[in-house]
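Undergrad: curious how this folds, go ahead:
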Amino acid sequence: MSSPEILDPVVATHEERRKRSRRATFIKWLRKVHGWVGLWGAALGLLFGTTGFVLNHRGQPLHVSSGAPQVETMQLKMPNPAPRTPREFTQWLRTQSGLDLPGKMGRAQTEPARPVAWGDHETMQPAHWQLRFVSPHENVAAEYWVGNDYATLRRTSNSLLTTVMNLHKGVGMSIGWVLFIDTFAGALILLSLTGVLLWTELNRRKTVGALLLIGSIVVAVCVGLA
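TA: This is a model prediction of the structure:
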């Protein structure tokens with residue numbers, strides 16, 4: 001019967017030191033990542049926390065006011081022939097100099113021509129188009145009744161507070177801003193993951209940490225699907 005292999009104490013000690021060194025290097029790297037991601041998340045979190053507080057208290061009891069918007073209205077003469085569809089109307093508005101329409105196109109509302117009652121009489125109401133061009137600091141509403149010689153444009157300039165709140169909600173923002181805000185969401189996710197990993201590395205109760213991590217992922221997925 002062969003005797004069990006005896007491990008050299010020097011080799012065992014050297015192997016344990018290598019494991020401890022790798023673990024210390026991993027924890028050091030994890031702390032750096034956690035710290036830098038936390039700094040980025042804190043910077044954006046300060047912005048969104050402030051604007052979120054203002055949004056939450058627009059009414060009572062604090063009654064945070066967003067200020068009175070400045071409104072301008074004008075009549076714009078339609079071309080001959082006039083646009084036949086809301087799409088052509090939008091393209092024509094974009095070509096008009098001096099309008100300075102915001103770059104983001106909002107939802108268009110269209111009503112087809114239909115009969116309506118006016119007292120004891122019935123008349124045909126023409127088609128009605130309403131377009132919105134939005135940005136954080138202003139929005140322009142264009143209204144046109146098909147067949148009219150003029151369209152009505154209404155420009156609303158937002159106050160500074162309203163502009164900041166629109167930035168918070170992403171109103172009228174480009175895809176670049178959306179991706180920028182996605183980095184904040186990614187930073188929160190990465191911050192949570194690195195925090196759980198740090199906890200499991202620095203505590204012996206790794207099972208609890210693993211359950212917290214898996215539970216958080218499950219909850220996040222369920223909320224996202226809902």
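
Undergrad: for the rest of this, base every contact and every neighbour count on C-alpha atoms.
TA: Fine.

Undergrad: Ala82: which element?
TA: For Ala82, there is no host helix or strand (DSSP states H and E).

Undergrad: mind checking how far the lengthiest helix in the chain is from the chain centre?
TA: The longest helix of the chain (DSSP state H) is helix 9-56. Distance, stretch centre to chain centre, for helix 9-56: 26 Å (Cα atoms, centre = their mean, to the nearest Å).

Undergrad: from the contact counts, what lies against it?
TA: helix 160-169, helix 175-202 (3 or more Cα pairs under 8 Å, 6 or more residues apart in numbering; DSSP states H and E).

Undergrad: need the winner for burial among the ones you listed.
TA: Highest mean neighbour count among these (mean count of other Cα atoms under 10 Å): helix 160-169, with a mean of 18.

Undergrad: dump it to CSV, restricted to CA.
TA: What follows is helix 160-169, C-alpha atoms only, in CSV (Å, rounded to 0.1, in the frame of the first residue of the first chain):
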residue,chain,number,x,y,z
LEU,A,160,-34.4,77.8,-17.3
LEU,A,161,-36.0,75.5,-14.7
THR,A,162,-38.3,73.9,-17.3
THR,A,163,-35.3,73.4,-19.6
VAL,A,164,-33.5,71.6,-16.9
MET,A,165,-36.5,69.4,-16.2
ASN,A,166,-36.8,68.6,-19.9
LEU,A,167,-33.2,67.5,-19.9
HIS,A,168,-34.1,65.2,-17.0
LYS,A,169,-37.0,63.7,-18.9
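
Undergrad: and the angle from that helix to helix 175-202?
TA: 60 degrees (axes from the mean of the first three to the mean of the last three Cα atoms, to 10 degrees).

Undergrad: quick check: angle from helix 160-169 to helix 9-56?
TA: Using the same axes, to 10 degrees: helix 160-169 against helix 9-56 is 140 degrees.

Undergrad: same for helix 160-169, what does it pack against?
TA: Using 3+ Cα pairs under 8 Å, 6+ apart, helix 160-169 is in contact with helix 9-56.

Undergrad: phi and psi next, for Gln130.
TA: phi -130, psi 120 (degrees, to the nearest 10).

Undergrad: what distance separates the start and the end of stretch 136-154?
TA: In terms of Cα to Cα, to the nearest Å, the two terminal residues of stretch 136-154 are separated by 16 Å.

Undergrad: how far does that stretch sit from its chain's centre?
TA: On Cα atoms, centre = their mean, the centre of stretch 136-154 falls 27 Å from that of its chain.

Undergrad: how about stretch 81-95?
TA: Its chain's C-alpha centre and that of stretch 81-95 lie 30 Å apart, by Cα atoms, centre = their mean.

Undergrad: residues in contact with it?
TA: Residues from elsewhere that reach stretch 81-95 (Cα atoms under 8 Å, 6 or more residues apart in numbering): Leu99, Leu101, Ala108, Thr110, Trp129, Leu131.
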